[in-house]
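Peer 1: For reference, the sequence and a predicted model appear below.
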Amino acid sequence: MKYEKIFYYSDTNFLFVLREIFDKKILKEKQRIILENQEMGDLGIFDDSIRLNPSWFDIWKDVSLPEKLSEYNQLIYPPQIRKLISKECYVPFHQDWKYLSKDVIPEKFHERFCVCFLPLNNEPSKYPTVEFVNNSKQTKIEHKERFKTKFNSFYLDGEFENIENFNLDFGDALIFGNEVAHRTLAKDYHRWGRLSQEFRITDDKSRIVGKDYYNMITNKFDIYL
């Protein structure tokens, strides 16, 4: 595995580009499953009939993260699966801690986690991507609410500087801390139909009793008891 450390300021404020991290043959099979299904809910997000398939985690077998992120070894089940089909699917600036916070989803609150964004188009650079704020002093920011839904409902108001984005190839991924502000980036030449998966990864201490996790050390599913 190759990786580029873009920044690492704390265990909640970091960004790495992971190059050739996943097996492309396995990714192709996951891409096929997504393309053959149209069971999307709000904002291009596939519903539970697709998301709850444990085989999405096959791509993580024997995958390791950069040493600085080694404590993040518990993949939260299930992943999110998206297809951007219109501007309504775009996500404004936000931080992911908000979506697993006590006030939004108390039954699934995780104190500490990071996010892995995995594009699944053959040529990801031709589709919308994600851009990030590089701010060494970044901490949690209070969000505003756009509408009543569990997806894309929160946003950050204000202007941001030092924004970065990256060209990704099939098999690459981005991994970032839950306090990193980020949003969808769509350029004029980008096409509709971006496919992606998003995995949230926590540590041993932040697991919730009774919830399913994919253990990256044992390559098995665990129910934390």
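Peer 2: Looks like it came in fine.

Peer 1: all helices of the chain, in order?
Peer 2: For the chain, the helices defined by DSSP state H occupy 24-35, 48-51.

Peer 1: Can you pull out the low-pLDDT segments for this structure?
Peer 2: 39-42, 147-152, 225 (pLDDT under 70).

Peer 1: what sits opposite the residue minimising distance to the centre of it in the beta ladder?
Peer 2: Closest residue to the average C-alpha location of the chain: E198 at 3.2 Å, with CA atoms, centre = their mean. Bridge pairing for E198 (DSSP bridges) gives the partners Q80, F117.

Peer 1: what's near enough to touch it?
Peer 2: 79-82, 115-118 (CB atoms under 8 Å, 6 or more residues apart in numbering). The C-beta positions use only the backbone N, C-alpha and C, and glycine is treated the same way.

Peer 1: and which of those residues is nearest N73?
Peer 2: C116 (12.3 Å; CB to CB).

Peer 1: The closest one: what's it in contact with?
Peer 2: By CB under 8 Å, 6+ apart, the neighbours of C116 are 18, 173-175, 198-201.

Peer 1: One more pass at 7 Å, please.
Peer 2: 173, 175, 198-199, 201 (CB atoms under 7 Å, 6 or more residues apart in numbering).

Peer 1: again, but for N219
Peer 2: With CB under 7 Å, 6+ apart, N219 has these contacts: 61-62.

Peer 1: possible to save the contacts of E198 as TSV with distance to W60?
Peer 2: Shown next, in TSV, are those (distance: CB to CB, whole Å):
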residue	distance to W60
P79	10
Q80	15
I81	15
R82	18
V115	14
C116	9
F117	14
L118	10
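
Peer 1: now the strands for this protein?
Peer 2: 2-10, 13-19, 74-76, 80-84, 113-119, 129-133, 144-145, 154-155, 163-164, 173-177, 182-185, 194-202, 212-215, 220-223 (DSSP state E).

Peer 1: possible to save the ones you listed as CSV with distance to P54?
Peer 2: Formatted as CSV, the strands of the chain follow (distance: least, CB to CB, whole Å):
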stretch, distance to P54
strand 2-10, 26
strand 13-19, 22
strand 74-76, 11
strand 80-84, 13
strand 113-119, 17
strand 129-133, 26
strand 144-145, 32
strand 154-155, 29
strand 163-164, 34
strand 173-177, 20
strand 182-185, 28
strand 194-202, 13
strand 212-215, 8
strand 220-223, 6
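
Peer 1: Nearest approach to F46 belongs to which of those strands?
Peer 2: strand 80-84 (4.2 Å).

Peer 1: Now do the closest one against strand 113-119, angle only.
Peer 2: 40 degrees (axes from the mean of the first three to the mean of the last three CA atoms, to 10 degrees).

Peer 1: Identify the residues contacting Y214.
Peer 2: 57, 60, 75, 77, 221.
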